[in-house]
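Chemist: Model the following, please.
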Amino acid sequence: MVGTYYQTVNFEASLILNNKGPDPLPVTLSFFSMQGNRLDFPWELEGNSAEEISLNELLADELPEFQEGSVRINYRYSGCQLVLSAGPTLTNTALGLAFDEIFTRLDKQKGNRLESLWWVPTRKSRIDLVLSNTSDQPISATIQALSSGFPGGQKETSIDFQPRETKRLKVPQRFLIDLRKSQWKAGSLAIEHTGEPGDLVARGYVWDRNIGFSNVLEFSDLLAAEGTELHGTGLRFATADGQRLFPVVVARNLAETESILTVRVPYTTTSGEAHVRTFEKVVLEFGEVRNLAEWVYG
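Modeler: Next up is the predicted model:
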């Protein structure tokens, strides 16, 4: 399993491990610097246990190059392959920022194209991308950025990776739309690489220190997707401290023809009654990106 990125300079970094099996589980924690150098730590988890490891403490006496990079976990278990779940967390309390990640299982990847969607609350927000080559071979990647309403269309850049190398880059503002006109802006990011499935993992970080906003961008392997129905939870429709809360639901049509989306919102009232509200169908043209919540709620 691979974690795309950790950093102990500006963040309190932790690694959360959860052994769901009844037996002790030996694991190897492998940290790769941004340049691809490797550092291993043997570890053992008790049965049916969860443990949080401070990476700031674990790596305090190591070379400075291991203050940031990617992390990999190897283990052997004769039972369920999913006996172990893990993920790094990054927290900066002073700036009000927090990011987390669920480790990627490389053997579940089927393609060499990754897709993600983004949304930013203000024109001062920034998007950082972290890409990690998990293989022992050099690879190249092409990053495509598309924004809803951008008159210039899609933007594209290419980047090369040495074996095990991790790169962190800011998405240039010119890749995004003119955010001064409206805060309801969204878009997509696509990464296509020359390696085998799983050779590249990616993560995005959206943050705005001026308002203490932080969010993560997850990248999906399209060939591993199944079905035509997506579920989400945690949408906020009420008010907090006198301010109205607006949900954000971003969608992109990747089909070669238009797609018709049906948006349903199940909810439970304060009296405990369950209801479902179905909105008018949404038509997305090929490649179109739209914030569905903006369209539904205005």
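Chemist: can you list contacts of the strand or helix carrying residue 90?
Modeler: Per DSSP states H and E: residue 90 is located in strand 84-92. Under the criterion C-beta atoms under 8 Å, 6 or more residues apart in numbering, residues 1, 3, 5-7, 10-20, 25, 27, 45, 55, 71, 73, 75, 77, 97-103 lie in contact with strand 84-92. In this view, the C-beta of every residue, glycine as well, is placed from N, C-alpha and C.
Chemist: Among these, name the buried ones.
Modeler: 1, 3, 5-7, 11, 13-17, 19-20, 25, 27, 45, 55, 71, 73, 75, 97-99, 101, 103 (16 or more other C-beta atoms under 10 Å).
Chemist: So, low pLDDT: which residues of the stretch 151-298 of the chain?
Modeler: Along the stretch 151-298 of the chain, segments meeting pLDDT under 70 span 151-154, 173-184, 240, 294-298.
Chemist: ok, which stretches of it are strands?
Modeler: Per DSSP state E, counting those that start in this stretch, the stretch 151-298 of the chain carries strands over the ranges 155-161, 166-170, 185-193, 200-208, 213-218, 220-221, 239-240, 243-244, 250-252, 259-261, 264-268, 274-278, 282-284, 289-291.
Chemist: buried set for the second one?
Modeler: Spelled out, that is strand 166-170. 166, 168.
Chemist: tell me what it is packed against?
Modeler: With contacts taken as 3 or more C-beta pairs under 8 Å, 6 or more residues apart in numbering; DSSP states H and E, strand 166-170 sits against strand 2-7, strand 68-75, strand 126-133, strand 155-161.
Chemist: Partner strands of the last one and their direction?
Modeler: What it means is strand 155-161. Using DSSP bridges, the strands paired with strand 155-161 in its sheet are strand 139-147 (antiparallel).
Chemist: Compute the inter-axis angle for the partner strand and strand 185-193.
Modeler: Using axes from the mean of the first three to the mean of the last three C-alpha atoms, to 10 degrees, the inter-axis angle of strand 139-147 relative to strand 185-193 is 160 degrees.
Chemist: Strand 139-147 vs strand 200-208, what angle?
Modeler: Interaxial angle, strand 139-147 versus strand 200-208 (the same axes, to 10 degrees): 40 degrees.
Chemist: List the contacts of strand 139-147.
Modeler: Residues contacting strand 139-147 (C-beta under 8 Å, 6+ apart): 129, 131, 133, 153-161, 171, 175-177, 185-195, 199-200, 252, 287, 289.
Chemist: Could you write me a ChimeraX select line covering just the buried ones among those?
Modeler: Typed into ChimeraX, the line below selects the buried ones among the contacts of strand 139-147, using 16+ other C-beta under 10 Å:
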select :129,131,133,155,161,171,175,176,177,185,186,187,188,189,190,191,192,193,195,199,200,252,289
